[in-house]
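>>> quick one: sequence and predicted model below, then my questions.
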Amino acid sequence: MNRNTRLTQTFIGAMVLAAIASSAYASVASHALHAPHALAILALAAATSRMKIKLPGINGNMSVNLPFLLMAVVNLSALEAVVIASLSTVVQCWPKLDAKFKPEQMLFNVSMMAFASSMANLIWNAGWLGKASWASQPLMLVSATAAFFLGQTAPVAGIIKLAEGAAMRHIWLGIVQLSFPYYVLSAGMTSMVNLVSHHFGWQAALVIFPVMYGVHRSYRLYFGRAAEAMHTAPLARTASVGA
């Protein structure tokens, strides 16, 4: 076993421990369960988790289930939010029939999402933060989304660095450039759903599903063209040298 493999396995183990610790801590202060609401959000998150987008230049993909994960964070208990994030990640990462199952990759991804959702829930429910003079529900949502963003992107950049040996700062900035607008959109949609849910209940979240399908199609078209440009640029340079 080489050094990179040992470091990668150690990093995955640390991520698992961080997920267990943060999820347990967040669940201690967990408020009441909301089974019907949680099941509805889980169904929507699982369905959109299969709407995956291959990120150009990065060995990984992104699904469009984030608004539903944020809805779980701000409307449900920490336990429910972690379970929804974990199960939807299993659905997202489950391989196709002709693909090989990678247990370490699954373990890392589930742990990462459990950690991110529990940290976001802790920020959202932080009593001392809610009492701050500047705190308001939109700013609390921004803070929770930022915690989710860092809890997801930083571990991904770390595992890619260990696996591929590239600079972590460069990898993280690349992920930020590709995914930051999506997080902003997801936070905005979560805020709007929370606003109207007082009148329509959890059914308001159903409106988001076709919107995220449209986002998925748009991202696939954009990133598909970007990947094609990255592939054809070296061929064009080779052709010009040959000429």
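Done, it's in.
>>> just the helices in the protein please.
Listed from the start of the chain, the chain has helices (DSSP state H) covering 3-28, 35-49, 66-75, 78-93, 103-124, 127-130, 137-164, 168-200, 208-242.
>>> could I have the fourth one exported to CSV, CA atoms only?
In CSV, the C-alpha atoms belonging to helix 78-93 read as follows (Å, rounded to 0.1, in the frame of the first residue of the first chain):
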residue,chain,number,x,y,z
ALA,A,78,-31.1,17.5,12.8
LEU,A,79,-31.7,13.8,12.8
GLU,A,80,-34.2,14.0,10.0
ALA,A,81,-31.9,16.4,8.0
VAL,A,82,-28.9,14.0,8.4
VAL,A,83,-30.9,10.9,7.4
ILE,A,84,-32.3,12.7,4.3
ALA,A,85,-28.9,13.9,3.2
SER,A,86,-27.4,10.5,3.8
LEU,A,87,-30.1,8.5,2.0
SER,A,88,-30.2,10.8,-0.9
THR,A,89,-26.4,10.6,-1.2
VAL,A,90,-26.7,6.8,-1.3
VAL,A,91,-29.2,7.1,-4.2
GLN,A,92,-26.9,9.6,-5.9
CYS,A,93,-23.8,7.5,-5.7
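>>> in that helix, which residues are buried?
Of all the residues in helix 78-93, those buried under the rule 16 or more other C-beta atoms under 10 Å are 78-89, 91-93. C-beta: built from backbone N, CA, C; applies to glycine.
>>> and which of these is nearest to P138?
Using C-beta to C-beta, the shortest approach to P138 within these belongs to A81, at 19.2 Å.
>>> what's the closest non-adjacent residue to that closest one?
A72 (4.2 Å; C-beta to C-beta, 6 or more residues apart in numbering).
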